[in-house]
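**Student:** Predicted model follows, preceded by the sequence.
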Amino acid sequence: MKIGYFTLTDNPIEYGKTRKDPNQMILDLAEQCIYAEDLGFNSVWVPEHHFSALGVLPSPSMFLGHIAAKTKRIKLAPATVLLPASHPIRMAEEYALLDLLSNGRAIFSAGRGYDKREYDVFGIDFNKSREIFFEGLDIIQKAWKQGTLSHQGNHFSFPEIELTPKPVQDHLPIYVAAFSEPSITKAAEMGEHVIFAPFAANMVFGTMENAINTFNDISKQHGFTDKKASCSYFINVTESKEEAESTKQRMLKYFTGLVPAFPEDPSTAPPNIRYFAEIVENLKTMTTNSLSDKSIIVGDAEYVTEKLKEIEKTGLDEVILYFDFGGLSHRETMQAMERFAKGVMPHFKQEEALVK
C-alpha cells in the first residue's frame, strides 16, 4: 500500500481567533509538500476550496505546478478538483500541462463538492451538480484519450478542438471522489479509479472493504480490472494519552468548520446529495470517545502501523494522510510528518527517504 500526504487547508471562519493567515498557510503547504518527497511519501494531494469557507487553496493545478518545479519524484494530485466550477476542457489542458512539466507525475482527481456556498458564487445550479460533474468527467477522459474532440451535451457544447499540450503519460490517472454509490458506479463505468472519504464509505457501505468490493464488482461488470481505490485518513503518531486526546479535540474542531459546508436540511437538499444531512447529524453529536479508527488513526507508532496494516488488507492501493487538520501549526505538522515517516513508513514499501 502506498502512502501519500493530504490536506484540505482547513481554516474556516468557525475557528475564530485561532484562524491562521491564509497566505502563510499556502507558503507553509508548499514546504510540507517538498518535505513529503524528502520523507519518502508517494504523493501529495491538495484541495480546491474557495473564499475560506472551509479551506484556503483555490487552484490546485497552479500550486502543483510550483511543487513540480521543486521536486523530482513525488506524484502530484488535487484532492479534489471542484469540477462543476470549471470548464472540463480547461481542466484537461491544465492537468495535461502539469503532467508535461512534471515529467509524467500528475494525477487527476475530481468531485462535485458539497458546499452550496461555492456553487452560488460561481452561478452554478447546485441541484444539477451530479449531471454537470458526470458530463465534465466524460469530456476530460475523451480529451486525453483522443486528443481531438467535439461535444454536444446538456451542459457543455463546443466544435471540434485539439487538446494542447498532450499528457506525457499514456493514461493520466483519473480518480473520482466518491461519497455515494452513483459516483462509484460512474468511476467503474469509465474504467477509472476511485477515492473515498472513510466516514462516508463506512456510512454508505458499512465498511471500507464493502465499498472497495462494490467498486471492483461494478468495474468488472464493465470489463475493467485492476482499478485502484484510495482513501484519506486523519492521522497522528503520538507519544502520550494526553497528546492523543488533544489530536481528537482537533478533529472535533475541524468538524465545526465542516458542518456548515454540508447541506443540513433534507427537505431542501438536492435528492442526489441528501445523504449529507445524515452525516451532519452524526458530526454534530461526535465526542472524542465516539471517534473511531474508521476515520482517525491516532496512537503510538506500533498502533498506527497495526491499523494501517488492517486497512491495507481491504485492498486499498493508497492511503493519503491528513496531518494538519484542526489548526495544527506548520512546525508541528512537519514534526508529525517526520514522526510518521520514521516510525511507521518503514513498515510499508515506499521510496527511500532522504531524511533519516
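**Tutor:** Sure, I can see it.
**Student:** Ramachandran coordinates for Lys253?
**Tutor:** phi -60, psi -40 (degrees, to the nearest 10).
**Student:** how close does the closest residue in space to Val56 that isn't next to it in sequence get to Leu54?
**Tutor:** Once flanking residues are discounted, Val56 sits nearest to Pro22: 4.0 Å by C-beta to C-beta, 6 or more residues apart in numbering. (C-beta placed from N, C-alpha, C; glycine too.) Between Pro22 and Leu54 the computed distance is 12 Å (C-beta to C-beta, to the nearest Å).
**Student:** And Asp217, by the same measure?
**Tutor:** Taking C-beta to C-beta, one finds Asp217 at 33 Å from Leu54.
**Student:** related to what we said a few turns ago, shared neighbours of Pro22 and Leu54, which are they?
**Tutor:** Asn11 (C-beta atoms under 8 Å, 6 or more residues apart in numbering).
**Student:** Have a look at the two and say which one is more surrounded.
**Tutor:** Each of Pro22 and Leu54 has its neighbours counted (other C-beta atoms under 10 Å); Leu54 has more, 24 against 15.
**Student:** so who does that one touch?
**Tutor:** Neighbours of Leu54 in contact, by C-beta under 8 Å, 6+ apart: 8, 10-12, 115, 257-258, 261.
**Student:** swap the cut-off to 6 Å and go again
**Tutor:** Shown in contact with Leu54 (C-beta atoms under 6 Å, 6 or more residues apart in numbering): 10, 12, 257, 261.
**Student:** Any of those buried? List them.
**Tutor:** Applying a neighbour-count criterion of 16 or more other C-beta atoms under 10 Å, the buried members of the contacts of Leu54 are 10, 12, 257, 261.
**Student:** so is the first one in a helix, a strand, or just coil?
**Tutor:** Classification of Asp10 using DSSP: H, G, I helix; E, B strand; the rest coil returns coil.
**Student:** Can you show me the helices along the protein?
**Tutor:** Taking DSSP state H as the criterion, the chain carries its helices at 22-39, 60-70, 88-101, 116-122, 129-146, 181-190, 198-205, 208-221, 241-258, 275-284, 301-312, 330-343.
**Student:** and those helices, which one's lowest on average pLDDT?
**Tutor:** Sorting these by mean pLDDT places helix 275-284 lowest, at a mean of 68.
**Student:** how deep is Ile296 tucked in, by neighbour count?
**Tutor:** 23.
**Student:** Where does confidence bottom out across the buried ones among the contacts of Leu54?
**Tutor:** Ala261 (77).
**Student:** His222 against Ala187, yeah?
**Tutor:** No - under the criterion of C-beta atoms under 6 Å, His222 makes no contact with Ala187, lying 10.2 Å away.
**Student:** Give me the more crowded residue out of those two.
**Tutor:** Set His222 next to Ala187 and count neighbours by other C-beta under 10 Å: Ala187 wins out with 25 against 12.
**Student:** Which strand residues bridge the closest residue to that one other than its chain neighbours?
**Tutor:** Closest residue to Ala187 apart from its sequence neighbours, by C-beta to C-beta, 6+ apart: Val176 at 3.7 Å. Note on Val176: beta-bridge partners Ala110, Val194, judged by DSSP bridges.
**Student:** Give the bridge partners for Val319, please.
**Tutor:** Ile3, Cys231.
**Student:** residues touching it, list them.
**Tutor:** Val319 neighbours (C-beta under 6 Å, 6+ apart): 3, 231, 233.
**Student:** Considering those, which is situated nearest to Thr314?
**Tutor:** Cys231 (8.7 Å; C-beta to C-beta).
**Student:** Could you give the number of residues near that closest one?
**Tutor:** 24.
**Student:** mind checking how far it is from Phe196?
**Tutor:** Taken as C-beta to C-beta, the span from Cys231 to Phe196 is 4 Å.
**Student:** Hmm, Asp115 is touching Phe262, no?
**Tutor:** No - using C-beta under 6 Å, Asp115 makes no contact with Phe262, being 7.6 Å away.
**Student:** Quick check: closest non-adjacent residue to the most centrally placed residue in the chain.
**Tutor:** Geometric centre of the chain, nearest residue: Ala79, 3.1 Å, by C-alpha atoms, centre = their mean. Nearest non-adjacent residue to Ala79, counting by C-beta to C-beta, 6+ apart: Trp45, 3.6 Å away.
**Student:** Gln24 too?
**Tutor:** His330 (7.9 Å).
**Student:** Neighbours of the one you found, how many?
**Tutor:** By other C-beta under 10 Å, the residues close to His330 number 16.
**Student:** and it, how far is that from Asn23?
**Tutor:** Taken as C-beta to C-beta, the span from His330 to Asn23 is 13 Å.
**Student:** Glu338 now?
**Tutor:** 25 Å.
**Student:** okay, those two: which has more neighbours?
**Tutor:** Taking other C-beta under 10 Å, Glu338 and Asn23 do not tie; Glu338 has more neighbours (16 against 9).
**Student:** ok now do the residue nearest to Ala187, which residues does it touch?
**Tutor:** 183, 186-187, 194.
**Student:** at 8 Å what do you get?
**Tutor:** For Val176, counting by C-beta under 8 Å, 6+ apart, the contacting residues are 109-111, 137, 183-184, 186-187, 190, 192-195.
**Student:** Can you tell me which of those residues is closest to Ser129?
**Tutor:** Gly111 (9.5 Å).
**Student:** residues touching that closest one, list them.
**Tutor:** By C-beta under 8 Å, 6+ apart, the neighbours of Gly111 are 80-83, 133, 176-179, 183.
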